[in-house]
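**Q** the sequence and its predicted three-dimensional model are supplied below.
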Amino acid sequence: MRSTFKIALPLLIIAAGIGAFALLKSTRPEPEPPTVHERVWRVEVERAEARRLAPELELYGRVETSDLLKAAASAPAWVAAVAVRDGDRVTADEVLVRLDERDFRPRIAQAEARLAELEAEIASERNRRETDRRALEQERQLLAIARDGVQRQQRLMTQKLGAEQALDEAEQAEAMQALAVSNREMGLADHPSRLQALEARLADARARLDELLLELERATVRAPYDGVVTGVEVTEGDQVAEGDVLVSLYALERLEVRARIPAAYQAELLAALRAGEPLMAVAEVGGASLGLALDRVAGEADPSGVDGLFRIVGDPARLRLGQLLTLRLARQARPETFAVPFRAVYGNGRLYLVRDGRLAGIDVEVLGERRLEGGGERLLVRSPRIASGDRILTTHLPNAVDGLAIEVVGDAGEPPGGVAEPAPGR
């Protein structure tokens, strides 16, 4: 009996504990179910405004010119004076370099003397012609007398009154006089040829003198136009040979900018040029804007694109040959275009609109970039699903998806959607 009690007592204690636990569990108060709050991201938006805008193409160009003048020495000479330095701005007809005129004067004097000699020979030839013309008349008269003498001796011989020797002498005199007339006539006939040869030599001498005078004129090197000196190759006292470069300069108004146009835009810009549409660009030079216009494209292209040559519309005085510029070329304007911040576009062309407190993603066509009048750069996009007045998400959310709950900061018209959390990175 005592052993049975020892076994039953622990079982009773266990049963009592289980019963007490069951009683406590059945009588405990029920907890309220937890409330689930959806996260809402605080974001900024911009109102969409449809405008007619031209996307811009950023290009990198170099200032160059097709009118780089290299003034050279007209003849061997010594440099007498150098009046400019590299980088100087000069005006038209301004003296740049002077060569010593004493290196030119002796050759000019020789040419003038040769010219005077030929002029004297021509005058002598004309006098000779006049002399030959007058002498020919007398020679012909003498020939007629000689022929009369021959006829007279022949009559005397017929009458057996003359001597045979006298007839021979008369015939000899006639032949000699005929030869004299013939020589005189030949001299007159050759006169035009001799005169022409002398006049040709005279023309050559005059040309040589003109050449030497031109060399002397060019001994003083002057600027042919307003420009900028790019290099001075000599100094006072140098000896130069004919053709040696003395100074180089370029005209400001002939400067242009060469920039590479990517192949993707080549057809578009060429079509605009053929249609006569103005293609304007802007470059920043010294903190100020400089206007340019696409004038033409180079005649040779490669797979990467083609060079565009831009005419300078503004004042080129701030430019220098070889200077590198960044250009913003305005392409053809597009209607119904929206300018949005770069951070508003996701991937290759997707942005989000805010509608009823949630995001609505749409695909857009990215047209390019543009710097707006008020400053800052924007991305130009188009889509038929955007209308003026729509709110475009401008806060970049890495977790942006369709239907994401958001709260627009500063927009009283956006109803609260729960407990707002700041956007990542803000």
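**A** The structure has been received and is ready for your questions. Keep in mind that what you see is a predicted model, and the values were worked out from it rather than measured.

**Q** CA atoms for contacts and neighbours, from now on please.
**A** Noted.

**Q** helix or strand right after the helix or strand harbouring residue 79?
**A** In the assignment (DSSP states H and E), residue 79 maps to strand 77-82. Scanning forward in sequence from strand 77-82 by DSSP H and E, the next helix or strand is strand 89-90.

**Q** number of nearby residues for residue 10?
**A** Around residue 10 there are 11 other residues, counting by other Cα atoms under 10 Å.

**Q** state the pLDDT value of it.
**A** Per-residue confidence at residue 10 stands at 70 (pLDDT).

**Q** and for residue 260?
**A** At residue 260, pLDDT is 94.

**Q** quick one: the helices in the stretch 251-400 of the chain?
**A** Using DSSP state H, counting those that start in this stretch, the helices of the stretch 251-400 of the chain run over 263-274.

**Q** give me the element the closest residue to residue 125 other than its chain neighbours is part of.
**A** If you skip the residues right next to it in sequence, residue 125 has residue 195 as its closest partner in space, 6.7 Å away by Cα to Cα, 6 or more residues apart in numbering. Element membership of residue 195 [criterion: DSSP H and E] is helix 164-217.

**Q** what helices and strands are in contact with that helix?
**A** The contact analysis (3 or more Cα pairs under 8 Å, 6 or more residues apart in numbering; DSSP states H and E) places helix 164-217 against helix 105-158.

**Q** pLDDT of the strand holding residue 79, averaged?
**A** The predicted model assigns strand 77-82 a mean pLDDT of 95.

**Q** residue 251 and residue 224 touch, don't they?
**A** No: using Cα atoms under 8 Å as the test, residue 251 is too far from residue 224 to be in contact (9.0 Å).

**Q** which of these two has more residues huddled nearby?
**A** Comparing residue 251 with residue 224 by neighbour count (other Cα under 10 Å), the higher total belongs to residue 251, at 23 against 16.

**Q** OK, contacts around the more buried one?
**A** By Cα atoms under 8 Å, 6 or more residues apart in numbering, the contact set of residue 251 is 67-68, 225-228.

**Q** quick one: mean pLDDT over the helix holding residue 195.
**A** 83.

**Q** quick one: it to chain centroid distance?
**A** A distance of 62 Å separates the C-alpha centroid of helix 164-217 from that of its chain, computed with Cα atoms, centre = their mean, to the nearest Å.

**Q** that one vs helix 105-158, what angle?
**A** Helix 164-217 runs at 170 degrees relative to helix 105-158, counting by axes from the mean of the first three to the mean of the last three Cα atoms, to 10 degrees.

**Q** next helix or strand past helix 164-217?
**A** strand 220-222.

**Q** from what I see, residue 244 and residue 72 are in contact.
**A** Yes: Residue 244 lies in contact with residue 72 (Cα under 8 Å); the separation is 5.1 Å.

**Q** now do the SS call for residue 13.
**A** Assigned with DSSP: H, G, I helix; E, B strand; the rest coil, residue 13 falls in the helix class.

**Q** burial measure for it, as a count.
**A** By other Cα under 10 Å, neighbour count at residue 13 equals 11.

**Q** residues contacting the closest residue to residue 220 other than its chain neighbours?
**A** Leaving aside its sequence neighbours, residue 220 sits nearest to residue 98 (Cα to Cα, 6+ apart; 4.5 Å). Residues in contact with residue 98 (Cα under 8 Å, 6+ apart) are 79-82, 219-221.

**Q** which of these sits closest to residue 397?
**A** Each of those was scored against residue 397 by Cα to Cα, and residue 82 proved nearest at 67.5 Å.

**Q** tell me how many other residues crowd the nearest residue to that closest one once chain neighbours are set aside.
**A** Nearest-residue entry for residue 82: residue 97, 4.6 Å, with adjacent residues in sequence omitted and distances by Cα to Cα, 6+ apart. As a burial measure, residue 97 scores 25 neighbours (other Cα under 10 Å).

**Q** swap in residue 22?
**A** Applying other Cα under 10 Å, we find 11 residues neighbouring residue 22.

**Q** neighbouring contacts of the longest strand seen in the chain?
**A** Assignment by DSSP state E gives strand 288-302 as the longest strand of the chain. With Cα under 8 Å, 6+ apart as the contact definition, strand 288-302 has outside contacts at 270, 273, 278-284, 306-315.

**Q** now, of the residues you listed, which are buried?
**A** Listed as buried from the contacts of strand 288-302 are 273, 279-283, 306-312; burial here means 16 or more other Cα atoms under 10 Å.

**Q** adding distance to residue 340 and pLDDT, write those residues out as a markdown table.
**A** Putting those into a markdown table (distance: Cα to Cα, whole Å; pLDDT from 0 to 100) gives the following:
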| residue | distance to residue 340 | pLDDT |
| --- | --- | --- |
| 273 | 29 | 90 |
| 279 | 23 | 91 |
| 280 | 23 | 91 |
| 281 | 22 | 92 |
| 282 | 21 | 90 |
| 283 | 23 | 91 |
| 306 | 30 | 93 |
| 307 | 30 | 94 |
| 308 | 29 | 94 |
| 309 | 31 | 95 |
| 310 | 29 | 95 |
| 311 | 31 | 94 |
| 312 | 31 | 93 |
